[in-house]
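**Q** what follows is a protein structure lacking sequence information:
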């Protein structure tokens, strides 16, 4: 049982423990009435000695446990609730280390799991459905329709997206050919992939043949592609999730 589970159990027990009193109800001795809260605070003292000495509320709990005044029980409960909401401390006690990334490296960390590069004319037939399938899996996507906001410098934001995505699905169709921004996005991703030597581009052929791809983009033709006719959008989303999981395992 870890720290967080022990803390949760202590707090759940308070649902069946009454605060101590000076005068017991009729028919019950004071010691008998206050016994459950006394036992609970004894267990909190053990918990405190094991875990809480270095917490910001640790000294306050120590004093309350030592004095054992009538208000000590309620105040200790309040302290433990605050500790339960202290995510940073919980992670530390559960052995989850906080990783500090230098500022110069943080600027290079992926902001998106995926960038979808496509021609606008392919949105309705394929890309919108693919985006929905990917989103259902919780994948963080740069998709122009959803990522660009009112007032954005769209050229700047798109170029930034090409630099901050872990992968790029490139939907290549005849509509993709010879368009200024689809061509520019493709060049950005090819340069990144060649520079880093890490898998980045995941091509989808949409209503074109491999021969057409070879003729138009020979540098992409050597990258394993899938055909949109052979896979549903949900299947493509699952395939991508597999690629993302492999990448995360290797970090």
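**A** Cool, the structure landed. On a predicted model such as this, the values are computed, not experimentally measured, just so you know.
**Q** apart from its chain neighbours, what residue comes closest to residue 202?
**A** In this structure, residue 202 finds its nearest non-sequential neighbour in residue 169, 5.0 Å apart by Cβ to Cβ, 6 or more residues apart in numbering. To be clear about C-beta, it is placed using only N, CA and C from the backbone, and glycine gets the same treatment.
**Q** now do the contacts for that neighbour.
**A** Listed by Cβ atoms under 8 Å, 6 or more residues apart in numbering, the contact set of residue 169 reads 114, 115, 116, 117, 130, 202, 203, 204, 236, 240.
**Q** residue ranges with poor pLDDT in the stretch 151-251 of the chain?
**A** 251 (pLDDT under 70).
**Q** can you map out the strands along it?
**A** All strands of the stretch 151-251 of the chain, identified by DSSP state E, counting those that start in this stretch, fall at 165-172, 201-205, 226-227.
**Q** partners of the last one, with directions?
**A** What that stands for is strand 226-227. The pairing partners recorded for strand 226-227 under DSSP bridges are strand 201-205 (parallel).
**Q** tell me the pLDDT of the most far-flung residue of the chain relative to its centre.
**A** Computed with Cα atoms, centre = their mean, the residue of the chain farthest from its C-alpha average is residue 27, at 55.4 Å. On the pLDDT scale, residue 27 is placed at 85.
**Q** secondary structure element for it?
**A** Here residue 27 is covered by no helix or strand, with elements defined by DSSP states H and E.
**Q** quick one, what contacts the closest residue to residue 241 other than its chain neighbours?
**A** Leaving aside its sequence neighbours, residue 241 sits nearest to residue 137 (Cβ to Cβ, 6+ apart; 5.3 Å). Listed by Cβ under 8 Å, 6+ apart, the contact set of residue 137 reads 237, 238, 241.
**Q** secondary structure element for residue 137?
**A** According to DSSP H and E, residue 137 maps onto no helix or strand at all.
**Q** ramachandran coordinates for residue 176?
**A** Main-chain dihedrals, residue 176, degrees, to the nearest 10: phi -80, psi -30.
**Q** roughly how far does it sit from residue 159?
**A** 18 Å (Cβ to Cβ, to the nearest Å).
**Q** those two: which is more packed in?
**A** residue 176 (22 against 15; other Cβ atoms under 10 Å).
**Q** right, and the more buried one touches residue 120 too?
**A** No: contact between residue 176 and residue 120 fails when scored by Cβ atoms under 8 Å: they sit 10.1 Å apart.
**Q** quick one: the helices in the stretch 101-250 of the chain?
**A** Along the stretch 101-250 of the chain, counting by DSSP state H, counting those that start in this stretch, helices occupy 103-106, 128-135, 144-147, 154-163, 180-196, 210-216, 218-221, 233-249.
**Q** got the angle between the second one and strand 165-172?
**A** The reference is to helix 128-135. 160 degrees (axes from the mean of the first three to the mean of the last three Cα atoms, to 10 degrees).
**Q** what comes up buried for helix 128-135?
**A** By 16 or more other Cβ atoms under 10 Å, the buried positions in helix 128-135 come out as 129, 130, 131, 133, 134.
**Q** can you give me the offset of it from its chain's centre?
**A** Chain-centre distance of helix 128-135: 19 Å, with Cα atoms, centre = their mean, to the nearest Å.
**Q** any chance you could list what contacts it?
**A** 114, 116, 141, 143, 145-146, 169, 171, 232-234, 236-237, 240.
**Q** among these, name the buried ones.
**A** 114, 116, 141, 143, 169, 171, 233, 236, 237, 240.
**Q** ok, those vs residue 70, which is closest?
**A** Lowest distance from residue 70 to the buried ones among the contacts of helix 128-135 (Cβ to Cβ) belongs to residue 141, with 56.5 Å.
**Q** gap between that closest one and residue 162?
**A** Between residue 141 and residue 162 the computed distance is 13 Å (Cβ to Cβ).
**Q** what is in contact with those two at once?
**A** Shared contacts of residue 141 and residue 162 (Cβ under 8 Å, 6+ apart): residue 115.
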